[in-house]
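Q: okay, sequence plus prediction incoming.
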Amino acid sequence: MNRTYNIVWNAARNMYVVASELSRGDSRMKTQVRSVAAMVLLALSPLSAQAESTSEVTNAMVTGETVDASDRQHSYSSGMAISAYSGSPLDKGASLKAQVDNVLELESGNAYILNGESQSFDSVSVGVGSMLDLDGGELTIGHGSRYRWVSFFEGIVTGSGLLNLYSELNIRSTSDLSGLSATINIEQGAQVISETTNLGRGDIVVDGLLSIFSPAGGDLSNSLSGSGEVSTVWDLTVSGDNDSFNGTWIIGANKDMDADLAVADASALGAGNIINGGTLTLRGAEDWTLNSGNVISDYNTYDGDTIVGSYVGKVVKEDANTITVAHANTYSGGTGIEAGTLNADHTGALGTGDVANYATLNLNAAGQYTLTNITTFDGGTTSLAAGATLATGILDQQDGSVLSINLGTDASSPIITAHDASLGGTLNITGIGNINNPLTHDPYAFTLIDADNAINGDFDTLTVAGMEARKVDFLTVDSHVNSADDTQYELTTSLSWYADEKLAATDAHGTFTLSDPNENFTLNTELVDVNPNSVTGWDGKTLTKAGDGTLTLNVANTWSGDTRVNDGTLWLTDSGVIGASGSTQAVNVAEGATFGGSGVVNGDVYNSGNIAMSHGGETGNTLTINGNYHGDNGSQININSQLGDDSSPTDKLVISGDTSGNTMVYVANVNGKGAQTKNGIEVIDVGGQSSGTFEQGNRVQIGLYEYRLYEDGGDWYLRSQSSVPPEPDDGDCSGTDDTPVTPQYRPDIGAYLGNQWMVRNLQMQTLYDREGSQYHNEDGSVWMRFKAGNAASQAADGNVDINNNYSQIQLGGDILTWGNGVQSLKAGGMASYVNADTDSTSNRGADGSQFSASGNVGGYNLGIYATWFADAQHHRGLYVDSWYQYGFYNNSVQNGSEGSESYDSTAQAASLEGGYRYDIALENQHTLSLTPQAQVVWQRYSADSVTDNNGTRISGQDSDNWNTRLGLRVDGKLHKNKTSIIQPFAEVNWLYTSGDVAVSFDDAETKQGIPSNRVQAKVGIQVNLDSQWSITGQVVGETGSHNYNDLNGSLNLRYSW
């Protein structure tokens, strides 16, 4: 059927439209149109730009569903438009293009498909029920147009490609962009106003304005980039990866709407600044930091440079995570912390508004925070770090809240200034021992809060570093409103050590009790001898550390009595000193207690507990004892060292006097990679008589090496060697001292190498291993082979001995056979299971220590084979055999007391073998055969990397190798009867392997020492039990340099038909 399309003027729309004579009221045509798979296709010809003149087409004949362009270009004059109404299908076969201004308008039932092409329109309207499909093409709207047309998306917009916008586009709530994967480019000067957050799945480049006007809210999950603006006047969640967006976020540009922009990580906001006239909600399951470019300010309206209106925005912290804001912001609408933790790491991070804290707020920056008001509600905690101060209008600490203040070394009063203050809940003070004013003869008074008006209420509880003040025995602490000035809140504190200097409620004593293991009190105050106290029985010169917490001494102290570390930890910083120079006082470390650090003890140390120089993950600290050291049985010293060569950074204990007793030394590696030492890493320096013994308490394996503790000249060293180091002068006249020192290797080297070699070795096979004798001419067979043996080798230049025990069971059978009476070809499949155990023993250390490790590998090989015989009947003459195998294995290594590791590996191999059999006839139908052979095998091995319990990464096992074999086989054929034949055989082979077996420990490689050239000998016998069954047994020996040997036996059972 032919239809006619007219280009006619539509007065209501003020444009020309293309309309069918059946475009209105023809339900049959609507049904037909809906049945067309592509709906309606319109493609615009790229040739119009080349036309010199235009002809206005008012009628076009349509054959079926396609505009018949009759090989001519259909153009129309400036100002005209293409409009497809319901029921008027346009096909991509039509070539319709405007010369100057062009408009695409689609209504219900119509579609426009770009079909991978590029097209430009002044405006595009996609009506409800219609579809625009970019289909991999590029659509540009509004570029270079003389008019500021407005485009509308109300229907389906889908497809991949590019959508370039240069004018205004309204996306209505009826639109469906779920299938749109194209990149949307909103160019500078363009704007997109969307009533939905469903903007497809593609990236959006915003250099103009993207305005989300969705009353239903939603999640904008597209990835945004560009330097334009993104705004919302309703609730909006942004979850895309927007790291490349450095434009502006605008929240709530309407006074009648309370907009909320919610983000859950830093990438959602990119580097864009934020103009906030509503609420910015910070969420997330993980901790994150607001990007420095996310400067938050109020939304202001201007008349020229004058602000004529302002919408103040607020920030709300939700969820249990921690969010950090580390830059200044200028918003004034306030901050709410409803859950989790908000770290304000800049004094301007919270703007200038009110703060409502229901959770945790940490003011971490040094300097003054200025806030309008701050309220900490029940369950909330507001903390001021050392150096932080706060200026606010109203300070309101409600019942159940916590105000925590850290008094740093530079703290100056007051910490908080306020117009009004209302107090309740808990006051927690930390850092009392850090303030510069020493807590000596006079109690120290410090103004915490200075208000303009009388302070209302008081804190219910006072704690010191989380401990109830009344339980802090080493301090006399009080906090109160100043009785002489009720606008000031003061903290009064003094050390109990100096309590008798003034009349104090607590009697003087020298005990520092910190009960909680997490408690840490740092004392910057010098402790000197004072008068004894008869009430407490204290001598005025003895310090006792009690409780499981930590007391840190940060200055030089001169008390002359004993120091008793009964519980917990007593720690000395670099400037921490116990006792005056020349003192002979004692430091007694009780069982279970810890003493240490990087300071100086002027006196003797009696250790029944632990001594350490560094905290976990640190190294390079020295603890100096200017006196004697005694270690009771069970005492220990903990050394952190970056284990490498002699110059490695390490903790060190320096003892100027004598040593006695027995102490266990435990060594922890800190980022060391291991290296060969000569003299060793000195960890204990003894200046006097070295009568004490220091015994290594744990094995230390780093890199390839085993580190052991040795005494040399009274000092103690960590060495990775198996022999005593040479004397400084070895008699070398050249002046150098290069006598080589053999390291002590870790034993698990051999376990990893042994697992690898077993996998590679058990994939190797020859035609005769698989088939037995060639004295058979059956059409096909199935076979089974069992092999078991023992191998011995060495690694690490002969310093690690490896012994393997292995077994293999293999099944196979012919699948395809072919013969023409002269030649034959057969192919089959095979599978095997292999299992091997490895025992590895390292070389003996200079202290007599020697260690072992074991390995195991088990897994499966799957393969195929094909064999061609030039002589199908007797298998004389030339033959060619080939096979391919792929194996996958489970590996484990048990490294003594150091634990075990598991990993996976794979291996594949491909073989090509050829030979030529010469038969020599003997009497009585006996035959002697000679078969020279050659074989080449390519093999690839791959194993997972693992990290052991000491942090060493074991890797570097992946390899590609070539293996070759040249050999001669001698077969005998002894006829017993017609069906029973005995076939003894012998074989000698020269084996060559191109690459050794290797493994790396922290990038230090070592090899097994498998000889490249090896000699192999085989002897065996095959017995044909009858015309179908045969059994073969053989023994194989293999030898080579580096003490390598292998001895195995196998049994092959075969059934032929």
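A: Happy to help now that I have it.
Q: next one: the helix or strand containing residue 971 to chain centre, how far?
A: Secondary structure assignment for residue 971, by DSSP states H and E: strand 959-975. Strand 959-975 sits 50 Å away from the centroid of its parent chain (Cα atoms, centre = their mean, to the nearest Å).
Q: in that strand, what counts as buried?
A: When burial is assessed from 16 or more other Cβ atoms under 10 Å, strand 959-975 yields the following buried residues: 959, 961, 963, 965, 967, 969, 971-974. For glycine as for every other residue, the C-beta is placed from the backbone atoms N, C-alpha and C.
Q: which single one of these is nearest to residue 950?
A: residue 959 (25.1 Å; Cβ to Cβ).
Q: tell me the contacts of residue 201?
A: 178, 180-181, 222 (Cβ atoms under 8 Å, 6 or more residues apart in numbering).
Q: check what pLDDT it gets.
A: Looking at residue 201, its pLDDT is 96.
Q: residue 1024 now?
A: 82.
Q: strand partners (parallel or antiparallel) of the top strand by length along the chain?
A: Using DSSP state E, we find that the single longest strand of the chain is strand 900-921. Paired strands of strand 900-921, with direction, are strand 877-894 (antiparallel), strand 927-943 (antiparallel) (DSSP bridges).
Q: which of those sits closest to residue 185?
A: strand 927-943 (45.1 Å).
Q: next structured bit after that closest one?
A: From strand 927-943, the next helix or strand downstream (DSSP H and E) is strand 946-947.
Q: can you list the weak-confidence ranges in this structure?
A: Within the chain, the stretches with pLDDT under 70 are 1-101, 146-147, 253-257, 308, 409, 433-443, 501-505, 724-740, 773-779, 976-979.
Q: domains of it?
A: Following automatic domain parsing, one finds the domains of the chain at 216-331, 354-506, 507-719, 780-1056.
Q: next, format those as JSON lines and append distance to residue 188.
A: What follows is those, written out as JSON lines (distance: least, Cβ to Cβ, whole Å):
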{"stretch": "domain 216-331", "distance to residue 188": "7"}
{"stretch": "domain 354-506", "distance to residue 188": "38"}
{"stretch": "domain 507-719", "distance to residue 188": "50"}
{"stretch": "domain 780-1056", "distance to residue 188": "50"}
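Q: of all those, which lies closest to residue 770?
A: domain 780-1056 (6.7 Å).
Q: with just CA atoms, put the longest strand of the chain into PDB.
A: What follows is strand 900-921, C-alpha atoms only, in PDB (Å, rounded to 0.1, in the frame of the first residue of the first chain):
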ATOM      1  CA  SER A 900      52.800 -23.600  57.900                       C
ATOM      2  CA  GLU A 901      51.800 -22.100  54.500                       C
ATOM      3  CA  SER A 902      49.500 -23.300  51.800                       C
ATOM      4  CA  TYR A 903      49.400 -22.300  48.100                       C
ATOM      5  CA  ASP A 904      48.300 -23.500  44.700                       C
ATOM      6  CA  SER A 905      50.300 -24.200  41.600                       C
ATOM      7  CA  THR A 906      49.900 -25.300  38.000                       C
ATOM      8  CA  ALA A 907      52.100 -26.900  35.400                       C
ATOM      9  CA  GLN A 908      51.700 -27.700  31.700                       C
ATOM     10  CA  ALA A 909      54.000 -29.500  29.300                       C
ATOM     11  CA  ALA A 910      54.200 -30.400  25.700                       C
ATOM     12  CA  SER A 911      56.400 -33.100  24.300                       C
ATOM     13  CA  LEU A 912      57.700 -34.200  20.800                       C
ATOM     14  CA  GLU A 913      59.600 -37.500  20.700                       C
ATOM     15  CA  GLY A 914      61.000 -39.400  17.800                       C
ATOM     16  CA  GLY A 915      63.000 -42.600  17.300                       C
ATOM     17  CA  TYR A 916      64.000 -45.400  14.900                       C
ATOM     18  CA  ARG A 917      64.000 -49.100  15.800                       C
ATOM     19  CA  TYR A 918      66.400 -51.500  14.200                       C
ATOM     20  CA  ASP A 919      65.600 -55.200  14.600                       C
ATOM     21  CA  ILE A 920      68.300 -57.900  14.600                       C
ATOM     22  CA  ALA A 921      66.900 -61.400  14.100                       C
END
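Q: now do that strand against strand 959-975, angle only.
A: 40 degrees (axes from the mean of the first three to the mean of the last three Cα atoms, to 10 degrees).
Q: so which bits of strand 900-921 are buried?
A: For strand 900-921, by 16+ other Cβ under 10 Å, it's 900-901, 903, 905-909, 911, 913-915, 917, 919.
Q: now do stretch 536-546
A: For stretch 536-546, by 16+ other Cβ under 10 Å, it's 536, 538-546.
Q: make JSON lines out of these and add secondary structure and distance to residue 693.
A: Formatted as JSON lines, those follow (DSSP: H, G, I helix; E, B strand; the rest coil; distance: Cβ to Cβ, whole Å):
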{"residue": "536", "secondary structure": "coil", "distance to residue 693": "40"}
{"residue": "538", "secondary structure": "strand", "distance to residue 693": "37"}
{"residue": "539", "secondary structure": "coil", "distance to residue 693": "34"}
{"residue": "540", "secondary structure": "coil", "distance to residue 693": "38"}
{"residue": "541", "secondary structure": "coil", "distance to residue 693": "33"}
{"residue": "542", "secondary structure": "coil", "distance to residue 693": "30"}
{"residue": "543", "secondary structure": "strand", "distance to residue 693": "30"}
{"residue": "544", "secondary structure": "strand", "distance to residue 693": "30"}
{"residue": "545", "secondary structure": "strand", "distance to residue 693": "27"}
{"residue": "546", "secondary structure": "strand", "distance to residue 693": "31"}
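Q: residue 1015 and residue 1044 touch, don't they?
A: No - using Cβ atoms under 8 Å, residue 1015 is not in contact with residue 1044, being 10.4 Å away.
Q: okay, those two: which has more neighbours?
A: The neighbour count for residue 1015 versus residue 1044, taken as other Cβ atoms under 10 Å, is higher for residue 1044 (18 against 13).
Q: most neighbours among the contacts of residue 201, which one is it?
A: residue 180 (26 neighbours).
Q: next up, the contacts around that residue.
A: Contacts of residue 180 by Cβ under 8 Å, 6+ apart are 134, 157-159, 163, 199-202.
Q: residue ranges for the strands of the stretch 301-450 of the chain, please.
A: All strands of the stretch 301-450 of the chain, identified by DSSP state E, counting those that start in this stretch, fall at 306-311, 314-317, 322-325, 335-337, 341-344, 355-357, 360-363, 367-376, 381-384, 388-397, 402-406, 416-423, 426-430, 444-451.
Q: and the fourth one, what does it pack onto?
A: Strand 335-337 sits against strand 314-317, strand 355-357, with contacts defined as 3 or more Cβ pairs under 8 Å, 6 or more residues apart in numbering; DSSP states H and E.
Q: direction included, what does the strand holding residue 971 pair up with?
A: strand 927-943 (antiparallel), strand 981-993 (antiparallel).
Q: could the C-alpha coordinates of the shortest one be exported in CSV?
A: The C-alpha trace of strand 981-993 is given here as CSV (Å, rounded to 0.1, in the frame of the first residue of the first chain):
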residue,chain,number,x,y,z
ILE,A,981,56.6,-63.2,25.2
ILE,A,982,59.2,-62.1,27.6
GLN,A,983,60.9,-58.8,26.7
PRO,A,984,63.8,-57.5,28.8
PHE,A,985,65.0,-54.0,28.0
ALA,A,986,67.7,-51.5,29.0
GLU,A,987,68.0,-47.8,28.2
VAL,A,988,70.5,-45.1,28.7
ASN,A,989,69.7,-41.4,28.3
TRP,A,990,71.4,-38.0,28.5
LEU,A,991,69.0,-35.5,30.0
TYR,A,992,69.3,-31.7,29.7
THR,A,993,67.2,-29.0,31.5
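Q: that older thread, which residues are common contacts for residue 1015 and residue 1044?
A: residue 1038.
Q: no further queries at this time; thank you.
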